[in-house]
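1. Provided below for reference: sequence and predicted model.
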Amino acid sequence: MTAHILLPKLYASNPATMSKAVITELLRKELGFEGVVITDDLTMGAIAKHNTVGQAAVKSVFAGSDILLIAHHQPKAKEAIEALGKAVADGVISEERINESVYRILALKKKYKLDEKQNQSSTLEEINQKIDEVVRKYF
């Protein structure tokens, strides 16, 4: 999981979550990491203060992230999906780049024997209801 920290000696303009220098060059090429890269929540203040969720999503995927965490905000998740679709259609992000992420995610799912059948019993509403129950109980 990437963090929303600035690493000025590597890339001063964006935090690590949106930095190709950090994710692709350092993590993947120099350190040889071949696994799935997940962002921290793109709705957090450090990101949202300077970017829309759509902009952050595009920058993060372009930088090399595979899974984008957008917590608690279904409309913002939709915004990110739409922005990514537009970025691919406009040639900002290549289909090849998207496919790299898809293959890494599929490899991870295969490693842990995960498939859609295991997830069919829960809807988003059910999951959110369980989260609300836990929050009410402990907070």
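-> Received the coordinates, thanks. This structure is a prediction, so every number in the text was calculated from the model and none was measured. Numbers count the residues shown, from 1 in each chain.
2. From now on I want contacts and neighbour counts done on CA atoms only, so please keep to that.
-> Noted.
3. Give me the distance between residue 32 and residue 26.
-> 8 Å (C-alpha to C-alpha, to the nearest Å).
4. meant to ask about residue 137, not that
-> Following C-alpha to C-alpha, the distance that separates residue 137 from residue 26 is 42 Å.
5. which one of residue 32 and residue 26 has more residues nearby?
-> Remark: of residue 32 and residue 26, residue 26 carries more neighbours, 15 against 11, as counted by other C-alpha atoms under 10 Å.
6. Which residues are in contact with the residue nearest in space to the middle of the chain?
-> By C-alpha atoms, centre = their mean, the mean C-alpha position of the chain lies nearest to residue 68, the distance being 1.4 Å. Contact analysis of residue 68 by C-alpha atoms under 8 Å, 6 or more residues apart in numbering lists 38, 39, 40, 41, 42, 57, 60.
7. could you redo the last one with a cut-off of 7 Å?
-> Residues near residue 68 by C-alpha atoms under 7 Å, 6 or more residues apart in numbering: 38, 39, 57.
8. Arrange the residues you listed in JSON lines, one row each, with distance to residue 122 as further columns.
-> Formatted as JSON lines, those follow (distance: C-alpha to C-alpha, whole Å):
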{"residue": "38", "distance to residue 122": "23"}
{"residue": "39", "distance to residue 122": "24"}
{"residue": "57", "distance to residue 122": "26"}
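9. Could you list which of those residues belong to strands?
-> 38, 39 (DSSP state E).
10. out of the contacts of residue 68, which is most surrounded?
-> Busiest of these [other C-alpha under 10 Å] is residue 57, holding 29 neighbours.
11. low pLDDT regions in the chain?
-> Applying pLDDT under 70 to the chain flags residues 116-121.
12. all helices for it, in order.
-> 20, 45-48, 53-63, 74-89, 95-111, 124-138 (DSSP state H).
13. Residue 3: which of these is closest?
-> helix 45-48 (10.1 Å; C-alpha to C-alpha).
14. next one: that closest one to chain centre, how far?
-> Centre-to-centre, helix 45-48 and its host chain are 14 Å apart (C-alpha atoms, centre = their mean, to the nearest Å).
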